[in-house]
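> would you be able to build a 3D model of this:
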Amino acid sequence: GGSGGGMAAEGDVELELETEPNGSGGGSDGAGGRAAEKPRKHDSGAADLERVTDYAEEKEIQSSNLETAMSVIGDRRSREQKAKQEREKELAKVTIKKEDLELIMTEMEISRAAAERSLREHMGNVVEALITLTN
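Model prediction:
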């Protein structure tokens, strides 16, 4: 029975081979139909290609952007540091009353540093400082 099975398999292969030429030969209309579909396939190929180049360009842009961003961030940081120092200097100039400071500390139950800071930020105005702290 084994050889018979082999024969059947060969028969199958022959059948498949026969159907193929019939399919393409008989389908001359079908071939025409395929031609109509071709541009769509071609377009998707072009689109893929564009996508690839876009991606490559994006990568280049990103890397240069990163460098720029890093330097910008660096600049901003140093500017912020300077601004902070300037602000601290300005705040240090503000004269505050010891009793105002103590009032805020007791009222708000905050550290001396925090109380002093808020007082200075409000140019020594204890009322404004308290209002801000209660909000």
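> contact partners for the residue lying closest to Met105 once chain neighbours are set aside?
In space, and not counting its chain neighbours, Met105 is closest to Ala115: 4.6 Å by CB to CB, 6 or more residues apart in numbering. Where C-beta positions appear, they are placed from N, C-alpha and C, glycine not excepted. Residues counted as contacts of Ala115 (CB atoms under 8 Å, 6 or more residues apart in numbering) are 101, 104-105, 108, 129.
> who wins for neighbours among those?
Ala129 (26 neighbours; other CB atoms under 10 Å).
> name the element the residue nearest to Met105 belongs to?
helix 112-121 (DSSP states H and E).
> give me the contacts around the following helix or strand past that helix.
Where DSSP H and E defines the elements, the next helix or strand beyond helix 112-121 is helix 126-134. Contacting residues not belonging to helix 126-134 are listed as 97, 100, 103-104, 107-108, 110, 115, 118-119, 121-122 [CB under 8 Å, 6+ apart].
> quick one, helix 126-134 and helix 112-121 angle?
Compare the direction of helix 126-134 with that of helix 112-121 by axes from the mean of the first three to the mean of the last three CA atoms, to 10 degrees and you get 120 degrees.
> helix 126-134: which residues count as buried?
Neighbour-count burial for helix 126-134, counted by 16 or more other CB atoms under 10 Å, picks out 126, 129-130, 133.
> rewinding a little: and the helix holding Ala115, which residues are buried?
Applying 16+ other CB under 10 Å to helix 112-121 flags 115-121 as buried.
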